[in-house]
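S.K.: Next comes the sequence, and after it the predicted model I'd like to discuss.
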Protein chains: 2
Amino acid sequence: MQSQTRPPQAEPATARGAHPLEPLFHPRTIAVVGASPEGNAGYEFVRKIQAYGFKGRIYPVNPKGEPVLGLPGYPSISAIPDEVDFVIFASPAATVPAAMEECAAKGVKLAHLFTARLSETGVPELAALERRIVEIARRGGVRILGSNGMGLYYPKEGISFRANYPKEPGDVAFLSQSGGNAWEFVYRAALRGLRFSKVISYGNACDLNEADYLEYLAEDPETRVITAYIEGVRSGRRFVEALNRAARAKPVVILKGGRTKAGARATASHTASLAGDHQVWEGLLRQAGALGAESLEELQDLAVALRFFPKPRGRRVAALGGGGGGSVAAADACDEAGFVLPRLPRDIVEELKQLIPATWMMISNPIDNSAIGNPRATSRLQELAFRHEAFDFVLLELGVDAAYEDDRGVERTHQTVGRLIELQRETGRPTAFIVRSGDAGEEWRRNAVNRDREMLVQAGLPVFPDMRRATRALGRVLRYWEERDNETAS
Amino acid sequence: MQSQTRPPQAEPATARGAHPLEPLFHPRTIAVVGASPEGNAGYEFVRKIQAYGFKGRIYPVNPKGEPVLGLPGYPSISAIPDEVDFVIFASPAATVPAAMEECAAKGVKLAHLFTARLSETGVPELAALERRIVEIARRGGVRILGSNGMGLYYPKEGISFRANYPKEPGDVAFLSQSGGNAWEFVYRAALRGLRFSKVISYGNACDLNEADYLEYLAEDPETRVITAYIEGVRSGRRFVEALNRAARAKPVVILKGGRTKAGARATASHTASLAGDHQVWEGLLRQAGALGAESLEELQDLAVALRFFPKPRGRRVAALGGGGGGSVAAADACDEAGFVLPRLPRDIVEELKQLIPATWMMISNPIDNSAIGNPRATSRLQELAFRHEAFDFVLLELGVDAAYEDDRGVERTHQTVGRLIELQRETGRPTAFIVRSGDAGEEWRRNAVNRDREMLVQAGLPVFPDMRRATRALGRVLRYWEERDNETAS
C-alpha cells in the first residue's frame, strides 16, 4: 500500500515499516556550521540544543575551529572525528555548497538550512545557488530541511530552536513555513497546554516539502494531531495525496497564508511560494476532511479543541458562569455554533424552587450567575451541569473583572476553579472553560488570573479567551467528529 | 425643533435648551435605601459613592436608621432632613412602592432601582408590582433608572457602581441593559484607554428607556461616542427616531443581545425584553448610519478605533513589525478590510539598497521585520512609514514571544515603543498598534508587556489584541468616516 503512493524521489525505507524520514529525526550527533564563540545565530543553536538536554554529541564548526560553550570546535565538517547525522547550517549561503559536499562525503542524513537569502530573494543567481545546494545534497543522499526556516523542535530528542519552549514532549505536530509563526504558535499553544511531538519550520522547502512532512506525520505514532501553516505547495498532486492520507489517519488543521491578492504577494517574498487560488485550497481541505483556520489564533483554538475536548454524546450544552448579558451572548454564540441549549429539566427546576424560592423562575440555560444570588444554589447548579443527563457537555465562563475584584474574590474564584476541576474529573463530562485575558492594570490581578488558567490547563482542560472563539472552534470540531462517525458508519 | 420630536411622555425641559434628563444626573444629595451597616448591596453603593469623591451629601436609609460608614442613617426617605435629588433602591421589591410615595412627596428627581426580581421574573404579580412602582413615580414626577440595573457611573460627578473604575471622566457613553456587560466593558475599555462621560446600566427599562437615554446622549456635550448593549426596544418608533438623531450627531455603536432564537429566549428572562428580528435590527442600524457590533470585544474595538484613530487621508497602509508569516497574515487582513498596501516607493527602495545591500529585495509592504536583519534599517523603515507620503496610516505589530524573549529583549522593545510613540506624536500620522495579550507563564514577561501597552495607551494610541481584530474594526470605522464625508458632500 505504502509504496504505491510513495513518490519516486523519497528515500527507501531503512527499516521495514518505518517511514523513510524517520531516521533523519533521531540524530546521535549534530554539527552546527557557523557557530562562533562570540555569539551569533549558530552559537544560539548550540546553546539551545545543549540547554535542551540533547543526549548525543554536538560539534560546533567555525573557520578557526574555535571551541563554543565548552565544546571543541572544528574548522569543517570533514574535520569532525566522528560520524555526523544532522547538520545545522547558520553560515552564509555562498559557503554552503562546499560544506554540503563534505556532508555528502561524511554520510550526513539531514541538513537544516537556517541559512536564508536564497530563492526567496527573487534574485536569479541566488535561486540558482539554492538549486545547486539541493543537487549536491541529493547526489550525496543528504536531505534538506529549509532553507530559511528555524528547523526542528523535537523535545523528545532534546532538540529545539527556542529557549523557552516546554521540555516535555506531546502529541501535536506543527509544520510551519514561517519561523515567526512557529515561535508564536508554540509559545501561545504551550500556554494553553498543548505539547508537541515535532515542530518543523521548513521555510522555502527547497528539498523536503510539505508533502514529505505530511506523509511522515500521518504515519508518525508520536503525533495525534497535525497542525500546519502553509504558504504554497511545491507539488500539487503529491500534496493532495499526502493531505488525504494524513486527514484519514488523524485530525489535520491548516492555516493557509496568502488568502488574498496582497497576501499572495507577501508569500512570494517570504518563502518564494505561489499561494494559489484560495477557493481551490478550501475545496481541497473539504474533500480531504481537513480543517482550515483563518488565523494563528483559530489554529490554536482548533488544536486545543481537538486535543482537550473529548467527543460529547451530542450537542446539548449547559452554559454557565456569565451574568445576564454574558448569558445572552453565550446563547447567541451557542446557537450560531449549532449547539442545543435544552431548557432546565423538571427535576432541576423543582430543586431550584426549594433552594431559591424567590428567583428560581429566572434561571434558565445559559444559567445567569448573577440571578441566582445564593452560593449553595450556584454550586448545586454547577454540579448538575456536570451530572445531569439532560446535557452532553459544559461551557463554563469566568468573568475576570467580577471574579477577581479583590482578595476575597481572588480566593473564592480560585476555590471555585478547583472544585470545578474536581467535578469534571469525577464525571468525565466534556467541558470547556472561557477565561478572558489576564491583562490588567494590577499585578496581583494578572497573577491571580494566570494562576487559575494554569490550574485549568494543567488539569488537561481546554481554555478559550472568549465565548465566540470557544463556540466557533468547538462547533467545528463537533462537526468534524460527527462527519468522521458518519464515514465510519457508512 | 426639539419639542417637535420630543415624545409626549417625556418631562418638559426645566431649562431652555437643556435636555429634560440633564438635571437628573447632577444630584446634590443621594439617598441609598437598604444600606445596612453590616455590609450589603446598599452598603456597597454608599461605599463606592463615598470612595469616588461624590461632592454632595449621602444619606443611608435602613429600618433602624443606623449609621453606615460614618454617615448618619435614617429610617425612611421622609425622615431625611434635607432635599433629596437621587435615590438608589437596594431594598426588596415589595417595600419599594411605599418608599416611592415618599420620594414623590420629597421631590426626588431620579430613582435608580438596583432592586430586581420584578418583570424579568415573568411572574404576573411581580410585573404588576413593577407597574405600580412606575405609576407612583410618574404621578409624583420621579423618573426611574432600572429596575434591575447597576445604575450610574458618572465620574465627573463622583458617582460609580464599581470600585475599580477610573476616576477621570472621558467622552464615551455606554448604555447597557446588562450590569455584567457594563462591568466587563468599562473594565476592558478602560485598559485600552477609553474614559467615560456616563455609563447607564438600565436593566428592565421600566420607565426611562433606551430611546430616552439615546436622545439625551445625542445632545450631551460631554459625550462624543455612544456605545450601547441593548436586548430589546420598548417603543419601536421612538427608538428609531432617537437612533437616527443620535447617529446624525455622533458615532453610535450598538451590540444587540439576542441575535438568535436561543439568545432571544435568554433576553426574556434577563430583562423581560423582546429581542425582535435581527435582520430588521440590522436594517435599522444601517439606515441610521450606526455601527453594529457582534460581541463585547468588537464593541470595544470599534469604540477604540472611533476614539483614538484619527481619520486618515486615504486607505494606503504601511504595515510593519511582524515576521514573515506575520507579514503574510497582515497582508491578508489588510486586503480583507479593504486597505491598500502600496509597494515600497522607489526612493525607499534606493535607500534600502544602501542600508541592506544583501536583503533589500526581500523587503516589501508589509515589512517583514525578520528579513531586515539590521537595526539601523529597521528604525529607518519605521521612520519612513510615519513620514513618507506614500502611506496614509500605519499598523504596527509587537510580537510578544520574540520581542520579550529575555531582559535584553524587554529593554529593547520598551525603547522601541518609546521611539515609535515619539515618531507618531511628531508626525501625527494615524497609527494603530497590535499588542498581543501579555498572558504568560512568567511574571516578568506579563509585567513587561503590560508596561508597554500602558505606555501606548497613555499616549492616546489605539491598541488591539490581534491583527484581524484591528483591521476589522479600523476597516469599518474608515468606511464610517467615508460615508459621513459623502453625506456631508452631497
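M.R.: Sure, I can see it.

S.K.: Low-confidence regions, chain A specifically.
M.R.: A:1-16, A:400-401, A:490 (pLDDT under 70).

S.K.: residue boundaries of the helices in the stretch 51-200 of chain A?
M.R.: A:96-106, A:124-140, A:179-191 (DSSP state H, counting those that start in this stretch).

S.K.: The last one vs chain B: in contact?
M.R.: Yes - contact check for helix A:179-191 against chain B, using Cβ under 8 Å from any Cβ of the partner chain: residues in range are A:179, A:180, A:181, A:183, A:184, A:187, A:188, A:191. Yep, even glycine has a C-beta here, placed from its N, CA and C like the rest.

S.K.: other SSEs contacting that helix?
M.R.: Counting contacts by 3 or more Cβ pairs under 8 Å, 6 or more residues apart in numbering or on different chains; DSSP states H and E, helix A:179-191 is packed against strand A:172-176, strand A:196-201, strand A:225-230, helix A:296-308, helix B:324-336, helix B:400-403.

S.K.: near chain A, anything from the fifth one?
M.R.: Yes - contact between helix B:324-336 and chain A is present through B:324, B:325, B:326, B:327, B:328, B:329, B:330, B:331, B:332, B:334, B:335, B:336 (criterion: Cβ under 8 Å from any Cβ).

S.K.: Return the distance of that helix from the chain's centre.
M.R.: Helix B:324-336 sits 28 Å away from the centroid of its parent chain (Cα atoms, centre = their mean, to the nearest Å).

S.K.: Just checking, which helix or strand succeeds that helix along the chain?
M.R.: helix B:346-355 (DSSP states H and E).

S.K.: count of residues packed around the nearest residue to residue A:297 once chain neighbours are set aside?
M.R.: Nearest residue to residue A:297 in three dimensions, chain neighbours excluded: residue B:466, at 5.9 Å (Cβ to Cβ, 6 or more residues apart in numbering or on different chains). By other Cβ atoms under 10 Å in any protein chain shown, 18 other residues sit near residue B:466.

S.K.: dump the residue contacts of residue B:466.
M.R.: Neighbour list for residue B:466: A:295, A:297, B:434, B:436 [criterion: Cβ atoms under 8 Å, 6 or more residues apart in numbering or on different chains].

S.K.: can I get those in a markdown table with neighbour count?
M.R.: Output for the contacts of residue B:466, formatted as a markdown table (neighbours: other Cβ atoms under 10 Å in any protein chain shown):
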| residue | neighbour count |
| --- | --- |
| A:295 | 16 |
| A:297 | 22 |
| B:434 | 25 |
| B:436 | 24 |
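
S.K.: about what we covered before: between the helices of the stretch 51-200 of chain A, which gets nearest to residue B:69?
M.R.: Nearest to residue B:69, of all the helices of the stretch 51-200 of chain A, is helix A:179-191, at 42.1 Å by Cβ to Cβ.

S.K.: buried stuff in that closest one?
M.R.: Buried residues in helix A:179-191, counted by 16 or more other Cβ atoms under 10 Å in any protein chain shown: A:179-191.

S.K.: And stretch A:314-325, by the same measure?
M.R.: So for stretch A:314-325, counting by 16+ other Cβ under 10 Å, buried means A:315, A:316, A:317, A:318, A:319, A:320, A:321, A:322, A:323, A:324, A:325.

S.K.: Next step: the residues you listed restricted to helices.
M.R.: A:324, A:325 (DSSP state H).

S.K.: can you narrow the buried residues of stretch A:314-325 to ones near chain B?
M.R.: Within the buried residues of stretch A:314-325, those near chain B by Cβ under 8 Å from any Cβ are A:322, A:323, A:324, A:325.

S.K.: Endpoints of stretch A:281-301, how far apart?
M.R.: Stretch A:281-301 has an end-to-end distance of 21 Å (criterion: Cα to Cα, to the nearest Å).

S.K.: what's in contact with that stretch?
M.R.: A:181, A:184-185, A:188-189, A:192, A:194, A:227, A:229, A:240, A:243-244, A:246-248, A:251-256, A:259, A:302, A:464, A:469-470, A:472-473, A:476-477, A:480, A:483-484, A:487, B:325, B:329, B:466-468.

S.K.: hmm, back to that, only whichever of the residues of helix B:324-336 next to chain A are buried, select them in ChimeraX.
M.R.: In ChimeraX, a selection of the buried entries from the residues of helix B:324-336 next to chain A looks like this (16+ other Cβ under 10 Å):
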select /B:324,325,326,327,328,329,330,331,332,334,335,336
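
S.K.: ok, now how distant is residue A:339 from chain B?
M.R.: Separation of residue A:339 from chain B (Cβ to the nearest Cβ, to the nearest Å): 8 Å.

S.K.: tell me the contacts of that residue?
M.R.: Contacts of residue A:339 by Cβ under 8 Å, 6+ apart are A:315, A:316, A:317, A:471, A:474, A:475, A:478.

S.K.: Go through the helices and strands packed on helix A:179-191 and pick out the most buried.
M.R.: helix B:324-336 (a mean of 29; mean count of other Cβ atoms under 10 Å in any protein chain shown).

S.K.: That one vs strand A:172-176, what angle?
M.R.: Angle between the axes of helix B:324-336 and strand A:172-176 is 80 degrees (criterion: axes from the mean of the first three to the mean of the last three Cα atoms, to 10 degrees).

S.K.: Need the CA coordinates for helix B:324-336. PDB is fine.
M.R.: Extracted in PDB, the C-alpha atoms of helix B:324-336 (Å, rounded to 0.1, in the frame of the first residue of the first chain):
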ATOM      1  CA  GLY B 324       7.500  36.600   7.500                       C
ATOM      2  CA  GLY B 325       4.300  34.700   8.500                       C
ATOM      3  CA  GLY B 326       3.000  37.700  10.400                       C
ATOM      4  CA  SER B 327       3.500  39.900   7.300                       C
ATOM      5  CA  VAL B 328       1.500  37.500   5.200                       C
ATOM      6  CA  ALA B 329      -1.200  37.500   7.800                       C
ATOM      7  CA  ALA B 330      -1.100  41.300   7.900                       C
ATOM      8  CA  ALA B 331      -1.400  41.400   4.100                       C
ATOM      9  CA  ASP B 332      -4.400  39.100   4.100                       C
ATOM     10  CA  ALA B 333      -6.100  41.000   6.900                       C
ATOM     11  CA  CYS B 334      -5.500  44.400   5.300                       C
ATOM     12  CA  ASP B 335      -6.800  43.200   2.000                       C
ATOM     13  CA  GLU B 336      -9.900  41.800   3.600                       C
END
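
S.K.: and it, what other elements does it pack with?
M.R.: Counting by 3+ Cβ pairs under 8 Å, 6+ apart, helix B:324-336 packs on helix A:179-191, helix A:261-271, strand B:317-320, helix B:369-372, strand B:393-398, helix B:467-489.
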